[in-house]
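In: 3D model of this:
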Amino acid sequence: MLWGLIQTETLRLYSIDQAEGRLLALMEKYRDTPMDLGDASLVVAAEVLGLTRIFTFDSDFQVYRIYDRTPFEVVP
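Out: Predicted structure coming up:
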């Protein structure tokens, strides 16, 4: 099932190993929320891939911004 989603590009995997500086900057900016590594990873992946819609039950994503400007469209 999971592999089928990846093959049809319904689900995309993204490696964030080149984004350490951006991850740290985001976690510092949102330290009062607080933003953890998982949240920061999703924001960076969205920025790099040009995505604005995110599926999460994490209410913090109403606060986070893409490139510090654009709010996420949170689904559901």
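
In: buried ones in the longest helix seen in the chain?
Out: Using DSSP state H, we find that the single longest helix of the chain is helix 37-49. For helix 37-49, a neighbour-count test (16 or more other CB atoms under 10 Å) marks 39, 40, 41, 42, 43, 44, 45, 46, 47 as buried. All C-beta spots, glycine's among them, are computed from the backbone N, C-alpha and C.

In: what does that helix contact?
Out: 12, 14, 16, 19, 22-23, 26-27, 30, 35, 51-52, 54, 56, 58, 60-61, 64, 66-67, 72 (CB atoms under 8 Å, 6 or more residues apart in numbering).

In: between the buried residues of helix 37-49, which is closest to residue 6?
Out: Proximity of the buried residues of helix 37-49 to residue 6 (CB to CB) peaks at residue 45, which lies at 14.7 Å.

In: one step back: now, the contacts of helix 37-49 that are in strands?
Out: Counted as lying in strands by DSSP state E, out of those, are 54, 66.

In: run a quick neighbour tally on residue 13.
Out: 6 (other CB atoms under 10 Å).

In: my guess is it contacts residue 3, does it?
Out: No - taking contacts as CB atoms under 8 Å, residue 13 lies outside contact range of residue 3: 11.0 Å.

In: returning to that earlier point: only the buried subset of the contacts of helix 37-49, as a PyMOL command please.
Out: This is how PyMOL selects the buried members of these, with burial counted by 16+ other CB under 10 Å:
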select buried, resi 16+19+22+23+26+27+30+35+54+61+64+66+72
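
In: just the C-alphas of the longest helix of the chain, formatted as CSV.
Out: Taking Å, rounded to 0.1, in the frame of the first residue of the first chain, the C-alpha atoms of helix 37-49 are listed here in CSV:
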residue,chain,number,x,y,z
LEU,A,37,12.6,18.7,14.3
GLY,A,38,9.6,16.9,12.8
ASP,A,39,7.6,20.1,12.4
ALA,A,40,10.7,22.0,11.0
SER,A,41,11.3,19.1,8.5
LEU,A,42,7.8,19.3,7.2
VAL,A,43,8.0,23.1,6.8
VAL,A,44,11.4,22.9,5.0
ALA,A,45,10.1,20.1,2.7
ALA,A,46,7.1,22.2,1.8
GLU,A,47,9.3,25.2,1.1
VAL,A,48,11.6,23.3,-1.2
LEU,A,49,8.8,21.4,-3.0
